[in-house]
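*Asks:* The amino acid sequence is not available; the structure is as follows:
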């Protein structure tokens, strides 16, 4: 009898617990879902971004030879400062000297022939006026004189060409700068146009080249201020302004080139150095900034989940601008007064009633409620 009562009590207790759990589940299901909310904030009037850059000479060039020969001497080495027009090296071209001498001799021969042709033409002109020579003979003498004049002009042009080539034996600096490479030595065979002799770089001023990503390319402007930091130089960052902006994007990298001119009177900065450049982007006054976790990305587009004045869920389409990583620029679809759901659950449906709490007030209880 006692065993039967005990067994019945245990069964009754189990039934009561089951009913209690069912009641708790129904109660929880009847409660509104809890969501974490955030508010949009206005976009900044100007946003700064940091980008890597490469320091280059304002003018850089490789120097090649214009004639073939052997290097007889060089006068400047790497690190040497040179002035415009200063002699860098000399090429020995003995064949060119012989050709020039031959061309000058040809000029002398043609000039002698021209003098004879002119005097002959002059005499036949007098004879033709006295009817002592036929017109045919006169025209032949005149033609010979004109032909000699043309031959003399061609011979003199050839001499000038060889003299120009003779001048190319002397390698001179096209502008003032510093020698950054010397690729030759005495006795080297030099081939015109195929072998670099020197590399020359203008070091004051220097040019800083920045590749701006496409998403920011429309926000940069001429004259905009930039802040430059060099890892090897401690102290106050340098300030400069944008001097040139490319008129198109590089199709390979989808970036827009920006050039900044930087003074280097003390010579502390070296071409080829790495730099960190901070640029100020023009802001969009009508745009809003929201956390990236409020976005719902779908095949049809991008939406956000909002909570209206009656604490009901509403879905809205939005237009996205620039992506700043943890934050995203929204161009249309929401206003500054809207309340957005952070990390919205897939279980939320349009028109559903919810309870809300701002991100700053989130606690363990809210985490438990939001995890249903």
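*Replies:* Looks like it came in fine. Every value quoted in this text rests on a predicted model; they were computed, and no experiment measured them.
*Asks:* Please measure how far the first residue of stretch 277-286 sits from its last one.
*Replies:* 27 Å (Cα to Cα, to the nearest Å).
*Asks:* How far does the helix or strand containing residue 122 sit from its chain's centre?
*Replies:* Element membership for residue 122 (DSSP states H and E) is helix 94-129. How far helix 94-129 lies from its chain's middle: 60 Å, per Cα atoms, centre = their mean, to the nearest Å.
*Asks:* can you check stretch 233-251 too?
*Replies:* 10 Å.
*Asks:* again with stretch 262-282
*Replies:* 15 Å.
*Asks:* got the buried residues for that stretch?
*Replies:* Of the residues in stretch 262-282, 262, 264, 269, 270, 271, 273, 275, 277, 279, 280, 281 count as buried by neighbour count, 16 or more other Cβ atoms under 10 Å. Placement of C-beta: from N, CA and C, glycine included.
*Asks:* Can you spell out which helices and strands pack onto the helix or strand harbouring residue 148?
*Replies:* With elements taken from DSSP H and E, the one containing residue 148 is helix 135-167. Identification of packing neighbours for helix 135-167 by 3 or more Cβ pairs under 8 Å, 6 or more residues apart in numbering; DSSP states H and E yields helix 94-129.
*Asks:* relative orientation of the helix it packs on and helix 135-167 in degrees?
*Replies:* Angle between the axes of helix 94-129 and helix 135-167 is 160 degrees (criterion: axes from the mean of the first three to the mean of the last three Cα atoms, to 10 degrees).
*Asks:* Now do helix 94-129, average pLDDT.
*Replies:* Summarised as a single mean, pLDDT over helix 94-129 is 81.
*Asks:* Same question for stretch 81-91.
*Replies:* On average, stretch 81-91 scores 93.
*Asks:* just stretch 174-182 next, same as before
*Replies:* Here the average pLDDT along stretch 174-182 is 92.
*Asks:* ok, how many other residues are close to residue 347?
*Replies:* Residue 347: 8 surrounding residues under other Cβ atoms under 10 Å.
*Asks:* For residue 72, see how far away the closest residue to it other than its chain neighbours is.
*Replies:* What sits nearest to residue 347 in space, not counting adjacent residues and going by Cβ to Cβ, 6 or more residues apart in numbering, is residue 33, at 7.6 Å. Counting by Cβ to Cβ, to the nearest Å, the gap from residue 33 to residue 72 is 89 Å.
*Asks:* Give me the more crowded residue out of these two.
*Replies:* residue 33 (17 against 13).
*Asks:* and the buried residues of stretch 262-282 as TSV, adding distance to residue 189, pLDDT and secondary structure?
*Replies:* Below are the buried residues of stretch 262-282 laid out as TSV (distance: Cβ to Cβ, whole Å; pLDDT from 0 to 100; DSSP: H, G, I helix; E, B strand; the rest coil):
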residue	distance to residue 189	pLDDT	secondary structure
262	40	88	strand
264	37	86	coil
269	37	86	coil
270	33	86	coil
271	30	88	coil
273	35	87	coil
275	40	89	strand
277	44	90	strand
279	49	85	strand
280	54	77	strand
281	54	73	strand
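*Asks:* closest to residue 88 among the residues you listed?
*Replies:* Using Cβ to Cβ, residue 271 comes nearest to residue 88 of those, at 18.5 Å.
*Asks:* Nearest residue to the middle of this protein?
*Replies:* In the chain, the centroid-proximal residue (Cα atoms, centre = their mean) is residue 257; its distance is 3.0 Å.
*Asks:* Right, I'll leave it there.
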